[in-house]
Every structure is written in structure tokens, then in C-alpha cells.
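> Structure, please.
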Amino acid sequence: MYLSISKKDAHTSALMGADTVKLCEMQGFPPRLDNKNQSRVEANIQGFKAEFVIARLFNLDLPTINILSDGGIDLWHGNTSIDVKFTNKEEGPLVFDTLDKFRADVAILVGATSNPNVFKVNGWSDKKYFSLNAQACDFGYGPRLKLEAHETKPIETLWRCFMIEKFGNFNDH
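Have a look, this model is predicted:
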């Protein structure tokens, strides 16, 4: 599913991305390091854009700035915590450093496209599904766990789970 972000949300993402790095620097602790392909500010902007896409898709409270950590949770749908995972590849993998780093109830994988304001919502996973299907990998900076985009669950099935959470499963009555 391809979704675009509004100019307003893109602008807010840019401000939040820059502000997050500046606030970290002002507090005396360096933000996560830049890599050769993008700066920390650019990475934060993309991450916030992905969070806005998911917040708008599911009509959730909008993302906020977290200085120290978000605890692995970006958004909430009722009592379900969501970690929005952004990849610079349209269909890049869902990656966690370790299974313990999968702290939210669900993770949603969002990929970049050639248009900076259009994103591909690849799918989602809960921790159990991820633990059963993820493969060990090393991108050159230590072992990680990854689940390929095509192996994630369709985003439409998460919507159904959210509706059951909100309204109940009437098939049980």
C-alpha cells in the first residue's frame, strides 16, 4: 500500500527530526551516529514521516519528540503499542538488533520510494511471528534479526485486529 504524507506533516517531520538531534546535543549526549548514506537528522526526518503516515492511516495521535528514548514504542492504537520501522529501501527488511529490542505489541514496516513524500506500507508483525520467521543477518556492524518485507503480514489484517480490539469480535456472539 502506497501512501503520501501531506506537506504539513512533511514540514513537521523536518522540524522534529532537526529538533531531536539538537536537543540531544544540547543535553551533552550525542545522537546516534551518522552513517555514510544519510545524516542523523535525515534519518530522524524519515522516521517521523513514516510515523505520520501510520498515524494518519489508523487515525492515531500524532508522533512526538522523545529525547532519551521512546522505549521502542512510537504510537498507540487503544492498548496496542506500535513501533514504526522505516527502511530506506522500498521493500527493505524489518530489522531488530535482538528479539529483546522488539518491545511494542506490533511493528509496522514502512519503506521509502523515489518520491520523498510517498511511502510504501509493507506490512506488520507481532513479536511471536517475528521470532518464528526472522533470520539472523549481519549488515556489517554485528548480528541482527530480519524479516523480509514480503514475509510481513498484510497491513489490512492489522486494521482488522484493531477493529476487533475496538468493537469486539461479533463472530463470537
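> got the contact list for the helix or strand of the chain at the bottom of the mean pLDDT ranking?
Least confident element among the helices and strands of the chain, by mean pLDDT, DSSP states H and E: helix 7-26 (a mean of 89). With C-beta atoms under 8 Å, 6 or more residues apart in numbering as the test, helix 7-26 has contacts from 5, 30-31, 40-49, 52, 56, 62-63, 65-67, 116-117. All C-beta atoms are positioned from the backbone trio N, CA, C, and that covers glycine.
> Mind doing that once more with 6 Å?
31, 40-41, 44-45, 48-49, 52, 65, 67, 117 (C-beta atoms under 6 Å, 6 or more residues apart in numbering).
> right, and the helix or strand after that helix?
Once helix 7-26 ends, the next helix or strand along the chain (criterion: DSSP states H and E) is helix 40-57.
> Could you measure from the residue nearest to the spatial centre of the chain over to Gly140?
In the chain, the residue lying closest to the centroid (C-alpha atoms, centre = their mean) is Val84, at 1.5 Å. Distance, Val84 to Gly140, by C-beta to C-beta, to the nearest Å: 24 Å.
> one step back: list the buried residues for the least confident helix or strand of the chain?
9-10, 12-14, 16-17, 20-21, 24 (16 or more other C-beta atoms under 10 Å).
> averaged over its residues, what pLDDT does whichever strand or helix holds the residue nearest to the centre of the chain have?
Here Val84 sits within strand 80-87, counting by DSSP H and E. Mean pLDDT, strand 80-87: 96.
> Which strands or helices does it pack on?
Secondary-structure packing of strand 80-87 (3 or more C-beta pairs under 6 Å, 6 or more residues apart in numbering; DSSP states H and E): helix 40-57, strand 106-112.
> make it 7 Å
helix 40-57, strand 75-77, strand 106-112 (3 or more C-beta pairs under 7 Å, 6 or more residues apart in numbering; DSSP states H and E).
> any idea which of these is most buried?
strand 106-112 (a mean of 24; mean count of other C-beta atoms under 10 Å).
> Pull the CA coordinates from that strand and hand them back as PDB.
Taking C-alpha atoms only, strand 106-112 is exported to PDB below (Å, rounded to 0.1, in the frame of the first residue of the first chain):
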ATOM      1  CA  VAL A 106       3.400  -4.800  16.800                       C
ATOM      2  CA  ALA A 107       5.900  -3.400  14.400                       C
ATOM      3  CA  ILE A 108       4.900  -1.800  11.100                       C
ATOM      4  CA  LEU A 109       7.400  -1.700   8.200                       C
ATOM      5  CA  VAL A 110       7.400   1.400   6.100                       C
ATOM      6  CA  GLY A 111       9.700   1.800   3.100                       C
ATOM      7  CA  ALA A 112      11.000   4.800   1.200                       C
END
